[in-house]
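# Task: produce atomic coordinates for the following.
(one chain, ligands or ions: 1)
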Amino acid sequence: MFELPPLPYDHAALEPVIGRATMHLHHEKHHQKYVDTTNQLLGEQGARPTSLEDVIREAAGKADARKLFNNAAQLWNHTFFWTCMSAKAQTPTDGLAEAIDRDFGGLADLKAKFVELGAAHFGSGWVWLAAEGQTLRVVDTHDGDDLLTHQGLTPLFVCDLWEHAYYLDHKNDRQAFLEAWFDALPNWAFAGDQYAAARGDGEIWRHPDPVSSSGTGAAEKRSNLGR
Ligand SMILES: [Fe+2]
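Numbers count the residues shown, from 1 in each chain. Predicted coordinates for the structure are as follows:
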């Protein structure tokens, strides 16, 4: 059984970009629902997966497992989303800062590209900063889709484009949400670790594993939340 990972910060920590009320709804209602539905569908199958990544990759290849894929991927995406935000404003450093200059021309240019793609995305989805080997890319995915099924792309951070992510705080102005989000919330230290891992230095982030029958597992794996 997968569990709802705790937030790595207080519900009000991301204000004013993301308010306390949004965080409560987003985490305890939306994210919890994806946890519950994933567990329900796996339970109906009698499945005992060892990782959420395995669930997502296996479901992605089956036409009759679309509901499981959507819910499992949304469970993964939201846990990753909480992890790649920081309550304290940061800036990119070291190799990641150099790569941003090389691939986008600077942080302002990356922001413009990230905001433009996210604001133009039609409907629900996600906008990602990703690494393809050494090269940084900004990509968007629809609905629950993530980068696990996109060969060669490692996510560095992501922003949620579903209306539940920003409507209470920014109404219909997704662009304003994305601009404020990019300036204040990316966890650049985490993104830098992901970028290093994409190049073979360290381990790429994994979702906390399901709780085993002995009652342990997920909590131990959750230690990389909250950086
Ligand atoms: Fe969401």
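# Enumerate the residues of this protein near the ion.
160, 162, 165 (C-beta under 5 Å from the ion). (Glycine included, C-beta is placed from N, CA and C.)
# how about Ala180, what does it touch?
Applying C-beta atoms under 8 Å, 6 or more residues apart in numbering, one finds that Ala180 lies in contact with 16-17, 170.
# List the ones among these that fall in helices.
Among these, the members found in helices (DSSP state H) are His170.
# Same list, the contacts of Ala180, but as TSV with pLDDT, neighbour count and distance to Lys67 please.
Formatted as TSV, the contacts of Ala180 follow (pLDDT from 0 to 100; neighbours: other C-beta atoms under 10 Å; distance: C-beta to C-beta, whole Å):
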residue	pLDDT	neighbour count	distance to Lys67
Pro16	98	9	36
Val17	98	20	32
His170	97	21	30
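# Among the contacts of Ala180, which one lies nearest to Lys33?
His170 (22.4 Å; C-beta to C-beta).
# and stretch 174-192, how far apart are its ends?
Start-to-end span of stretch 174-192 (C-alpha to C-alpha, to the nearest Å) is 26 Å.
# measure Ser86 to Arg57 for me?
Distance of Ser86 to Arg57, given as C-beta to C-beta, to the nearest Å: 29 Å.
# Quick one: distance of the helix or strand hosting Leu42 to the chain centre.
In the assignment (DSSP states H and E), Leu42 maps to helix 32-45. Distance of helix 32-45 from the chain centroid (C-alpha atoms, centre = their mean, to the nearest Å) equals 19 Å.
# what's near enough to touch the residue nearest to Glu179 when sequence neighbours are not counted?
Computed as C-beta to C-beta, 6 or more residues apart in numbering, the closest residue to Glu179 that is not its neighbour in sequence is Val115, at 5.5 Å. For Val115, the contacting residues are 175, 178-179, 182, by C-beta under 8 Å, 6+ apart.
# Quick one: work out the angle between the top helix by length along the chain and helix 32-45.
Identified as the longest helix of the chain according to DSSP H is helix 66-83. Going by axes from the mean of the first three to the mean of the last three C-alpha atoms, to 10 degrees, helix 66-83 is angled at 140 degrees with respect to helix 32-45.
# Contacts for helix 66-83, please.
With C-beta under 8 Å, 6+ apart as the contact definition, helix 66-83 has outside contacts at 2, 5, 7-8, 26-27, 30-31, 34-35, 37-38, 41-42, 52-53, 55-56, 59-60, 62, 126, 143-146, 148, 155, 158-160, 187, 190, 205, 207-208, 224-227.
# Which members of those are positioned in strands?
Mapping the contacts of helix 66-83 onto strands (DSSP state E) picks out 126, 155, 158-160.
# The nearest residue to Asp160 once chain neighbours are set aside: how many residues sit nearby?
Spatial nearest neighbour of Asp160, excluding adjacent residues (C-beta to C-beta, 6+ apart): Phe81 at 5.5 Å. Using other C-beta atoms under 10 Å, Phe81 has 18 neighbouring residues.
# And for the one 3 residues further on?
Residues lying near Cys84 (other C-beta under 10 Å) number 23.
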